[in-house]
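**Student:** fold the following and give me the result.
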Amino acid sequence: MERRLVHHSRGRSRHEQEQIWELDYESLSDDEGDKHDEDKDDEATDPTDPTNPTEGSSKPGQKRKGTRKRRSKAWDTFDELPIGEDKKVCLSTGDVRQMILSSSQGSIALRNTSFDPKNFRDMITSIVVRHNPPLSFVEYEGIRDAFLYANPKATLVSRNTLKSDIIALYKYEKKQLFNMFKNYDGRVRLTSDLWTSVATDGYITITAHYITDDWVLHKKLLNFSYMPAPHTGITIADKIYKLLCEWNLEFKLFSITLDNASSLKDMDDSVVKVRESVKYIKGSPGRKENFIECIEQVALSRSKGLRQDVPTRWNSTYIMLDSALYYRRAFSHLKLSDSNYKHDLDDEEWDKMEGI
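**Tutor:** Reported below is the predicted structural model:
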């Protein structure tokens, strides 16, 4: 079915002209549509109504015209005004400049393309939270030019305003999560991590793990807080309890897992020797090349590689010990080829590492 809309400015200026559209009914009809409408018209015609045509009033070979049913969604936006016998004017009831005629599966539909500045601003805030670009990216000249090219109304805020938007988003999401836990009937499992930054400031995080009614496991970061010294068991327990009270979870706690592994630094002399051995090998390019030669001489693969651990993280220490055990024979060969290597382990210590 072919449809044609022709815009008439009627000689007016751009700001004064009414958005009047002329709809040509002759171009809206096809054989199949006319036949379908004729069947409906026959059922809806009242023979007693003198305004309706009857069989006797129709001339031979003349097609009878009836009222077509308006199926297009365009009529939600346009009102019909008669101006002649064969043509009618459609006056827009909305801002046609914000609408686009799009074709989908052979039909015509209206799609709203209006720009919402608030929604655009919320999307920029979401980009920063999800992808972690610097706050100053909204002030990059190239970024601003790209958004203005896409839409002249797409103006970016300053970095200070963006910071305020992020804080507002955090408060909103925190309130939503607080209300969810308030109505939650299950138990919550917590995990916590504690570490010291390069600026010697202590921080603690608490993550909640819970299962919803549809048996889906979720996890939410509840707190990322400053943790003053000393980092003893009593101070950590007191800090965690205060944070739990902020969320009203002190009576919904199932379990808590801590990752305060500062005792790993001096857990065993064997672990310390392995850590120092890895540091020694990674300390200079010459030592690395020497150790690679030791690996080739004992016919081991270089792809696994030695891993340096973070002393306060259990998983990284485990990975370090696993990689060192793989190159156990290479370490023994390094002891013979490098007189400066002083952190070698005996067989008993290696066996202890396998037990750990």
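
**Student:** angles on the backbone of the nearest residue to Tyr210 once chain neighbours are set aside, please.
**Tutor:** Of all residues not flanking Tyr210 in the chain, Val188 sits nearest, at 4.9 Å (C-beta to C-beta, 6 or more residues apart in numbering). Where you see a C-beta, it was placed from the backbone N, CA and C, and this is true even at glycine. Phi and psi for Val188, reported as degrees, to the nearest 10, are phi -120, psi 130.

**Student:** beta-bridge partners for Val188, please?
**Tutor:** Beta-bridge pairing of Val188 under DSSP bridges involves Leu253.

**Student:** give me the distance between it and Ile124.
**Tutor:** In this view, Val188 and Ile124 are 33 Å apart by C-beta to C-beta, to the nearest Å.

**Student:** ok, now Ile292?
**Tutor:** As judged by C-beta to C-beta, Ile292 and Ile124 stand 49 Å apart.

**Student:** if you count contacts, what does the longest helix belonging to the chain end up packed against?
**Tutor:** Criterion DSSP state H: the longest helix present in the chain is helix 159-182. Judged by 3 or more C-beta pairs under 8 Å, 6 or more residues apart in numbering; DSSP states H and E, helix 159-182 is in contact with helix 117-131.

**Student:** so for the helix or strand following the helix it packs on, mean pLDDT?
**Tutor:** The C-terminal neighbour of helix 117-131 among helices and strands, as given by DSSP states H and E, is helix 141-150. Helix 141-150 carries an average pLDDT of 92.

**Student:** quick one: buried residues of helix 141-150?
**Tutor:** Within helix 141-150, the residues scored as buried using 16 or more other C-beta atoms under 10 Å are Phe147.

**Student:** contacting residues around the closest residue to Lys352 other than its chain neighbours?
**Tutor:** Computed as C-beta to C-beta, 6+ apart, the closest residue to Lys352 that is not its neighbour in sequence is Ser270, at 5.1 Å. Contact analysis of Ser270 by C-beta atoms under 8 Å, 6 or more residues apart in numbering lists Leu345, Glu349, Trp350, Lys352, Met353, Ile356.

**Student:** check which helix or strand covers the second one.
**Tutor:** According to DSSP H and E, Glu349 maps onto helix 347-355.

**Student:** residues touching that helix, excluding its own?
**Tutor:** The set of residues external to helix 347-355 that reach it, using C-beta under 8 Å, 6+ apart, is Asp268, Asp269, Ser270, Val271, Lys273, Val274, Leu321, Ala324, Leu325, Arg328, Leu345.

**Student:** so which bits of it are buried?
**Tutor:** Residues of helix 347-355 classed as buried: Trp350, Met353 (neighbour count, 16+ other C-beta under 10 Å).

**Student:** just the CA atoms of that helix, as PDB, please.
**Tutor:** Output in PDB follows, covering the C-alpha atoms of helix 347-355 (Å, rounded to 0.1, in the frame of the first residue of the first chain):
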ATOM      1  CA  ASP A 347      64.100 -31.100  49.700                       C
ATOM      2  CA  GLU A 348      62.300 -31.000  53.100                       C
ATOM      3  CA  GLU A 349      61.200 -27.400  52.500                       C
ATOM      4  CA  TRP A 350      60.000 -28.200  49.000                       C
ATOM      5  CA  ASP A 351      57.900 -31.000  50.400                       C
ATOM      6  CA  LYS A 352      56.400 -28.600  53.000                       C
ATOM      7  CA  MET A 353      55.400 -26.200  50.100                       C
ATOM      8  CA  GLU A 354      53.500 -29.100  48.500                       C
ATOM      9  CA  GLY A 355      51.600 -29.600  51.700                       C
END
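
**Student:** now that helix: mean pLDDT?
**Tutor:** In this model, helix 347-355 carries a mean pLDDT of 82.

**Student:** re the thing from before, which ones among the contacts of helix 347-355 are found in helices?
**Tutor:** Short answer: the contacts of helix 347-355 in helices (DSSP H) are Asp269, Ser270, Val271, Lys273, Val274, Leu321, Ala324, Leu325, Arg328.

**Student:** pairing partners for Asp193 in the sheet, please.
**Tutor:** Thr205, Asp259.

**Student:** how deep is it tucked in, by neighbour count?
**Tutor:** Using other C-beta atoms under 10 Å, Asp193 has 17 other residues around it.

**Student:** can you check Ser197 too?
**Tutor:** Counted with other C-beta under 10 Å, the neighbours of Ser197 add up to 8.

**Student:** before we move on, the earlier item: of Val188 and Ile124, who's got more company?
**Tutor:** Looking at Val188 and Ile124 with other C-beta under 10 Å, you find the greater number of neighbours at Val188, namely 20 against 17.

**Student:** that one reaches Ala208, doesn't it?
**Tutor:** Yes. Between Val188 and Ala208 there is a contact under C-beta atoms under 8 Å: 5.1 Å.

**Student:** which neighbours do these two share?
**Tutor:** By C-beta under 8 Å, 6+ apart, Val188 and Ala208 have these common neighbours: Phe181, Leu249.

**Student:** can you pull out the low-pLDDT segments for the stretch 1-150 of the chain?
**Tutor:** Residues of the stretch 1-150 of the chain meeting the criterion pLDDT under 70: 1-67, 74, 77-113.

**Student:** which residue ranges form the strands in the stretch 201-350 of the chain?
**Tutor:** Assigned by DSSP state E, counting those that start in this stretch, the stretch 201-350 of the chain shows strands spanning 202-211, 217-226, 253-259.
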